[in-house]
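In: structure for the following, please:
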Amino acid sequence: MWKREIERRDVDLILISALILLLELTLIRWISTEIRIFAYVNNLVLLACFLGIGLGCYYARRPARPVLTLVALLAIMLLVDSQIFRTSPVMLSVFSDSLIWFAHEPYRLPAQILAGITATITLFAAIAAAFVPLGQVLGSLFARYRDTVLAYSINIVASLIGVWLFAGLSFAYAPP
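Out: Numbering: from 1, shown residues only. Next comes the predicted model:
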């Protein structure tokens, strides 16, 4: 039978992997609920999370600043609560493939499009920024393993724990 003691790096990898997936799922559900453009194009939040994690893993040799995740999450909360971000789907409804509930006035069309695209890109960038420090921690933990299959296996199991945590919060009707 294969035996191995759990090391501190294993615990750290479990914690960061579970946290990343829990936060990822939480943001996907919350932002898609609050800002309709992310409900119509629901992979935008997922892509922003992947971009942030990927950039973080790429820059794993640099010191991670987890406080940046907290700052980015605070910014996301403020952005989601602002009126321009809530109305960005209406501003983007002028595109022929995303008609959304209103008749636009032609003289305001370019400004609406620009405001909607800017709001969407800003929120996308804030989501990605929230995951960069977490990706840095994840990448530095992966670098500590000689056996990459073991590291990836721990990451997958811990990610499932993050999914189960999210499911538990959903089951308990936890508010956003």
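In: just the helices in the chain please.
Out: 8-34, 36-40, 43-58, 67-81, 83-86, 88-91, 109-143, 148-171 (DSSP state H).
In: can you give me the buried ones in the longest one?
Out: What that stands for is helix 109-143. Counting neighbours by 16 or more other C-beta atoms under 10 Å, one finds that the buried residues in helix 109-143 are 112-113, 115-116, 119-120, 122-124, 126-142. C-beta coordinates here come from the backbone N, C-alpha and C atoms, glycine included.
In: check the second one too.
Out: Residues of helix 36-40 classed as buried: 36-38 (neighbour count, 16+ other C-beta under 10 Å).
In: out of these, which comes closest to residue 28?
Out: Closest approach between those and residue 28, by C-beta to C-beta: residue 38, at 8.3 Å.
In: thinking that closest one is in contact with residue 29, fair?
Out: No: taking contacts as C-beta atoms under 8 Å, residue 38 lies outside contact range of residue 29: 10.2 Å.
In: in this structure residue 25 contacts residue 161, no?
Out: No: using C-beta under 8 Å, residue 25 is not in contact with residue 161, being 12.0 Å away.
In: higher neighbour count, these two?
Out: Set residue 25 next to residue 161 and count neighbours by other C-beta atoms under 10 Å: residue 25 wins out with 20 against 16.
In: residue contacts, the residue lying closest to residue 163 once chain neighbours are set aside?
Out: Using C-beta to C-beta, 6 or more residues apart in numbering and skipping the chain neighbours, the partner closest in space to residue 163 is residue 21 (6.0 Å). Residues near residue 21 by C-beta atoms under 8 Å, 6 or more residues apart in numbering: 158-159, 161-163, 166.
In: same thing with residue 19?
Out: By C-beta under 8 Å, 6+ apart, the contact set of residue 19 is 134, 162.
In: distance of it relative to residue 118?
Out: Taking C-beta to C-beta, to the nearest Å as the measure, residue 19 falls 30 Å from residue 118.
In: just the CA coordinates for stretch 168-176, please, in PDB.
Out: Taking Å, rounded to 0.1, in the frame of the first residue of the first chain, the C-alpha atoms of stretch 168-176 are listed here in PDB:
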ATOM      1  CA  GLY A 168     -23.500  23.700   1.000                       C
ATOM      2  CA  LEU A 169     -23.900  27.500   1.000                       C
ATOM      3  CA  SER A 170     -26.500  27.200  -1.700                       C
ATOM      4  CA  PHE A 171     -28.300  24.500   0.200                       C
ATOM      5  CA  ALA A 172     -28.300  26.700   3.300                       C
ATOM      6  CA  TYR A 173     -29.800  29.600   1.200                       C
ATOM      7  CA  ALA A 174     -26.800  31.800   2.000                       C
ATOM      8  CA  PRO A 175     -27.300  35.300   0.700                       C
ATOM      9  CA  PRO A 176     -24.800  37.000  -1.600                       C
END
